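Novice: Kindly generate the corresponding structure for this input.
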Amino acid sequence: MSDFIARRPVWSLVILIAIALLAFLIFAVWTPWMELTFGRKRVFLSALFNGITLGGLYFLVASGFTLIFGLMRNVNLAHGSLYLFGGYVGYSIGNLTGSWFAALIGAFVIVALAGILMQVLLFRWMEGQDLRQTLVTIGLSIIVADLLLWGYGGDTFQVTTPDWLSGPIQLPFVVALRSNGEAVMMTYPLVRIAILVGAIILGIAMWLALNRTRIGMLVRAGVDDRDMLSATGVRVQLVFIMVFAFGAGLAGLAGVVGGTFQSLQPGEDTKILLSSLVVVIVGGMGSIPGAAMGALIVGIAEQFGSVYMPTYAVMLTFVIMVVVLAIRPQGLAAVRR
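Specialist: The predicted model follows:
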């Protein structure tokens with residue numbers, strides 16, 4: 001943290017001011033002029049927390065995408081299809097077993113196996129051929145989308161939330177005052193809080209694995225100098241297969257998570273792919289903290305855009321991407337090579 005402040009004092013000041021302003025808006029009792037400016041506090045806080053939890057979903061998808069695209073240099077434009085495939089798999093397993101955890105684990109394992117097949121049968125023979133990878137994965141995503149449409153139809157599905165995660169939880173934030181002076185506290189769905197906490201724990205675990213373990217060292221070494229790593233006796237292809245499987249599995253896991261508090265339907269694969277691309281570009285390729293930062297920015301921007309300027313909500317995220325590319329083309333927290 002001290003290194004970041006020393007290297008980027010301006011950014012540190014901007015972040016500190018933004019955090020202080022956000023904390024004030026969250027904890028303060030809003031005055032009439034604040035409500036005139038931002039609308040009702042309940043609406044503002046709902047948009048904020050919805051954006052944060054949506055950012056948690058985007059992080060689950062984009063973290064796998066940044067491993068595959070940012071670290072391995074594999075252009076996988078079928079990543080959104082892995083998300084939708086995992087969601088449908090989790091929905092089916094959840095209906096069969098009645099267990100949400102079985103849906104999560106089953107989707108992760110099955111989509112990870114699909115990722116292994118993609119790496120062995122496709123990407124292994126197209127290393128360094130970006131255009132070929134792009135065209136092949138676009139074609140693959142179209143095939144997968146059609147197969148899922150054939151198998152599940154055009155209906156909308158939702159993964160059943162477990163009973164212990166159903167219902168709202170009261171948060172320590174005052175959203176209004178009654179006429180008698182009694183405070184009205186904010187309530188928020190418990191399942192969204194659990195998903196956000198899970199995303200944070202997973203993000204910390206991934207960062208530690210990449211930066212503090214031998215496996216992470218092998219992954220980074222394989223990206224930087226594959227020939228030298230092979231000369232030491234390490235099976236580089238096996239390392240890459242493991243990374244691709246994990247990244248694909250995360251997309252499948254995110255499909256179940258997204259199907260729990262949103263929905264599963266045709267077209268979600270394209271939407272989630274575009275969001276993941278924006279997240280990785282904004283945060284920086286190959287960076288887990290960058291993926292978290294980008295996911296948070298994009299998630300909050302989408303939700304605030306849909307509440308305060310619905311006409312331009314879709315455009316807002318791409319405006320953020322353009323601004324970041326203009327100011328810092330490598331992303332906000334890109335991995336240094």
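
Novice: Find the residue closest to V136 in space, skipping its chain neighbours.
Specialist: In space, and not counting its chain neighbours, V136 is closest to L122: 6.1 Å by Cβ to Cβ, 6 or more residues apart in numbering. Heads up, the C-betas are built off the backbone N, CA and C, glycines and all.

Novice: got a pLDDT number for that neighbour?
Specialist: L122 is assigned a pLDDT of 88 by the prediction.

Novice: Equivalent analysis for A28, please.
Specialist: 81.

Novice: Kindly report the same for L250.
Specialist: At L250 the predicted local distance difference test score is 94.

Novice: next structured bit after whichever strand or helix holds it?
Specialist: Following DSSP states H and E, the helix or strand that holds L250 is helix 236-261. Helices and strands here follow DSSP H and E; after helix 236-261, the next one along the chain is helix 268-283.

Novice: Could you list the buried residues of that following helix?
Specialist: Residues of helix 268-283 classed as buried by neighbour count (16 or more other Cβ atoms under 10 Å): 268-269, 272-273, 275-283.

Novice: what would those look like in JSON lines with pLDDT and distance to G86?
Specialist: Written out in JSON lines, the entries for the buried residues of helix 268-283 read as follows (pLDDT from 0 to 100; distance: Cβ to Cβ, whole Å):
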{"residue": "E268", "pLDDT": "91", "distance to G86": "11"}
{"residue": "D269", "pLDDT": "90", "distance to G86": "10"}
{"residue": "I272", "pLDDT": "92", "distance to G86": "11"}
{"residue": "L273", "pLDDT": "91", "distance to G86": "13"}
{"residue": "S275", "pLDDT": "90", "distance to G86": "16"}
{"residue": "S276", "pLDDT": "89", "distance to G86": "14"}
{"residue": "L277", "pLDDT": "90", "distance to G86": "18"}
{"residue": "V278", "pLDDT": "91", "distance to G86": "20"}
{"residue": "V279", "pLDDT": "92", "distance to G86": "18"}
{"residue": "V280", "pLDDT": "89", "distance to G86": "19"}
{"residue": "I281", "pLDDT": "89", "distance to G86": "23"}
{"residue": "V282", "pLDDT": "91", "distance to G86": "24"}
{"residue": "G283", "pLDDT": "88", "distance to G86": "22"}
